[in-house]
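Engineer: Sequence and predicted structure, then a few things I'm wondering about:
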2 protein chains.
Amino acid sequence: MMRQGDLVQTTSGMAPGRVQANLAILPRDLAFDFLLFCQRNPRPCPLLEVVESGEVEPRDFAPGADLRSDAPLYRVYEHGELTAEVTDLGEFWRDDLVSFLLGCSFSFETALIKAGMEMRHMTCDTTVPMFITNIPTSSAGVFSGPMVVSMRPIAQEQIVRAVQVTSRFPAVHGAPVHIGDPTAIGISDIYAPDFGEPVEFKDGEVPVFWACGVTPQAVAMSAKPPLMITHAPGHMFITDKMDEDLAVI
Amino acid sequence: MMRQGDLVQTTSGMAPGRVQANLAILPRDLAFDFLLFCQRNPRPCPLLEVVESGEVEPRDFAPGADLRSDAPLYRVYEHGELTAEVTDLGEFWRDDLVSFLLGCSFSFETALIKAGMEMRHMTCDTTVPMFITNIPTSSAGVFSGPMVVSMRPIAQEQIVRAVQVTSRFPAVHGAPVHIGDPTAIGISDIYAPDFGEPVEFKDGEVPVFWACGVTPQAVAMSAKPPLMITHAPGHMFITDKMDEDLAVI
């Protein structure tokens, strides 16, 4: 349905248990540096698969799929400016494009929910709050910038479990990067996220921060490449693999 | 001392607790494909750090070090043929060389020993037995070939613990790739390793196989690049990081 353009909506909750991926598509002359950036910053940029120039099929995560049409909605950026939002990349595709599939927090949120935790932003049907931190990433070529994190309120007595559960999944951001005081990582107002929407805290809840897949997109965008294609926010590429396949233990 | 050429010996047992790394150094025009090969095959090719062309300092794992001189012994290969073994790369260095530091089994062997397991090849003061398997790797550009594994006899009752202990360290090969019947992964004679030396089994011991860092070297070598530099076998590059820093949990 997505290939035909007949299913254009956010993929949260779709195909439960399947790994969903962030997409970042760049010309080949930037691919080495972007790959290196991901290698150096595995927590915000957990690489699932790289599809080389001239190819459109993620053979490992979604054999038979076509990256040009099988996500619900794409964004096209030229020199850092959004120039198109399309359901099919046909007219923009070039043979020198390299596609990066990056892990998405949907996978570890499923694990947290199974472990009995409420995802407040889901309860409220809002986008998870995300913050630009003062945590530096390790640069590579033109790619550099601060780490972006997502935040979820977690009850004090569930924090240990939240760490354990997400530690199993380094391929989808892994363990938290910070627990507690937001100012320690350069966040001055927990109710004023840089992306997404704020959420309320209940008594005894603590802010827990995970590295966020917005980081590589923000970093790539600020490098203003001549062409960069991504999925539209929330409109992920759904793969064939199961979240559990990504667990290290 | 290594920088001066005054300490030329295998590094097994040196600087206990510090991460030791395999070195693979290639010209930049092969670097993207080799990086991609490592990304696609994280168990045999666990990338610790990539040092870009024009640089010689692994800033993350060994700030202040110089990759051209600080391993005890290097091997230089031209078109797949060994042409030199040197303690200093000065005369071979080129500004287009990219250096890859890859995780080494010494790190997880330390963890296994701490957990009470005997490393038979250490007891016998031999090189761990390694086998070419029928497990395919995922190719990238010119790089392709079968996975090489190392084998350690583990007592039946310690196998679960061996899996747990090494699962904590995906950055140094991680959990075993196979336990038990060697023929299941294409090994016909457990006493005839392709590299290293055979070891004896005691009653109740089972062969346990881990992905081996020889894989990327074997694969790179078979691609016969014009120039490739590695550490000499067993003569690893010792970093400043602690093995425990690499544990995911």
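Structural biologist: Here it is on my side, so go on. Keep in mind the model is a prediction, meaning the values are calculated, not measured.

Engineer: Please, where are all the strands along chain A?
Structural biologist: Assigned by DSSP state E, the strands in chain A fall at A:18-27, A:47-51, A:74-78, A:81-86, A:97-103, A:130-136, A:146-155, A:178-179, A:205-211, A:228-231, A:237-242.

Engineer: a markdown table please, covering those strands and showing mean pLDDT.
Structural biologist: Converted to a markdown table, the strands of chain A look like this (pLDDT from 0 to 100):
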| stretch | mean pLDDT |
| --- | --- |
| strand A:18-27 | 95 |
| strand A:47-51 | 96 |
| strand A:74-78 | 95 |
| strand A:81-86 | 95 |
| strand A:97-103 | 97 |
| strand A:130-136 | 95 |
| strand A:146-155 | 96 |
| strand A:178-179 | 97 |
| strand A:205-211 | 97 |
| strand A:228-231 | 94 |
| strand A:237-242 | 96 |
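
Engineer: and chain B, which of those is closest to it?
Structural biologist: Chain B lies closest to strand A:47-51 among the strands of chain A, at 5.6 Å (C-beta to the nearest C-beta). Just so you know, the C-beta spots here come from the backbone N, C-alpha and C atoms, and that holds for glycine as well.

Engineer: still on that earlier bit, turn the strands of chain A into CSV, including distance to chain B and mean neighbour count.
Structural biologist: Shown next, in CSV, are those (distance: least, C-beta to the nearest C-beta, whole Å; neighbours: other C-beta atoms under 10 Å in any protein chain shown):
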stretch, distance to chain B, mean neighbour count
strand A:18-27, 12, 24
strand A:47-51, 6, 22
strand A:74-78, 22, 19
strand A:81-86, 27, 12
strand A:97-103, 9, 25
strand A:130-136, 12, 19
strand A:146-155, 15, 23
strand A:178-179, 15, 17
strand A:205-211, 14, 22
strand A:228-231, 18, 23
strand A:237-242, 14, 20
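
Engineer: Would you mind telling me which of those is nearest B:Met147?
Structural biologist: Closest approach to B:Met147 among those is made by strand A:47-51 (18.4 Å; C-beta to C-beta).

Engineer: How far away from the center of its chain is that closest one?
Structural biologist: Computed by C-alpha atoms, centre = their mean, to the nearest Å, the separation of strand A:47-51 from the middle of its chain amounts to 13 Å.

Engineer: can you pull the alpha-carbon coordinates of it into CSV?
Structural biologist: Extracted C-alpha coordinates of strand A:47-51, given in CSV (Å, rounded to 0.1, in the frame of the first residue of the first chain):
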residue,chain,number,x,y,z
LEU,A,47,23.3,1.9,11.8
LEU,A,48,21.1,-1.0,10.8
GLU,A,49,22.0,-1.2,7.2
VAL,A,50,23.8,0.7,4.4
VAL,A,51,22.4,0.3,0.9
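
Engineer: Kindly state the pLDDT recorded for A:Ser222?
Structural biologist: You'll see A:Ser222 listed with a pLDDT of 88.

Engineer: residues contacting it?
Structural biologist: Residues in contact with A:Ser222 (C-beta atoms under 8 Å, 6 or more residues apart in numbering or on different chains) are A:Gly80, A:Gly145.

Engineer: ok, now A:Phe108?
Structural biologist: Neighbouring residues of A:Phe108 by C-beta under 8 Å, 6+ apart: A:Val165, A:Thr166, A:Phe169, A:Val172, A:His173, A:Gly174, A:Trp210.

Engineer: per-domain residue ranges of chain A.
Structural biologist: Listed domain ranges for chain A are A:18-104+A:216-246, A:105-215 (source: automatic domain parsing).

Engineer: a markdown table please, covering those and showing distance to B:Gly90.
Structural biologist: Output for the domains of chain A, formatted as a markdown table (distance: least, C-beta to C-beta, whole Å):
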| stretch | distance to B:Gly90 |
| --- | --- |
| domain A:18-104+A:216-246 | 26 |
| domain A:105-215 | 27 |
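
Engineer: which residues of chain A fall in helices?
Structural biologist: A:28-40, A:105-114, A:120-123, A:159-167, A:214-222 (DSSP state H).

Engineer: what's the pLDDT at the residue positioned nearest the centre of chain A?
Structural biologist: Per C-alpha atoms, centre = their mean, the C-alpha nearest to the average position across chain A is that of A:Gly213, at 3.0 Å. On the pLDDT scale, A:Gly213 is placed at 90.

Engineer: With the one 5 residues further on instead?
Structural biologist: Reading off the per-residue confidence, A:Ala218 sits at a pLDDT of 88.

Engineer: Run a quick check on it versus A:Ser144, I expect a contact.
Structural biologist: No - taking C-beta atoms under 8 Å as the definition, A:Ala218 is not a contact partner of A:Ser144, at 10.8 Å.

Engineer: Between these two, which has more neighbouring residues?
Structural biologist: A:Ala218 (21 against 14; other C-beta atoms under 10 Å in any protein chain shown).

Engineer: In contact with A:Cys124: list those residues for me.
Structural biologist: Applying C-beta under 8 Å, 6+ apart, one finds that A:Cys124 lies in contact with A:Glu197, A:Val199.

Engineer: Now do it against chain B, distance only.
Structural biologist: Using C-beta to the nearest C-beta, to the nearest Å, A:Cys124 is found at 31 Å from chain B.
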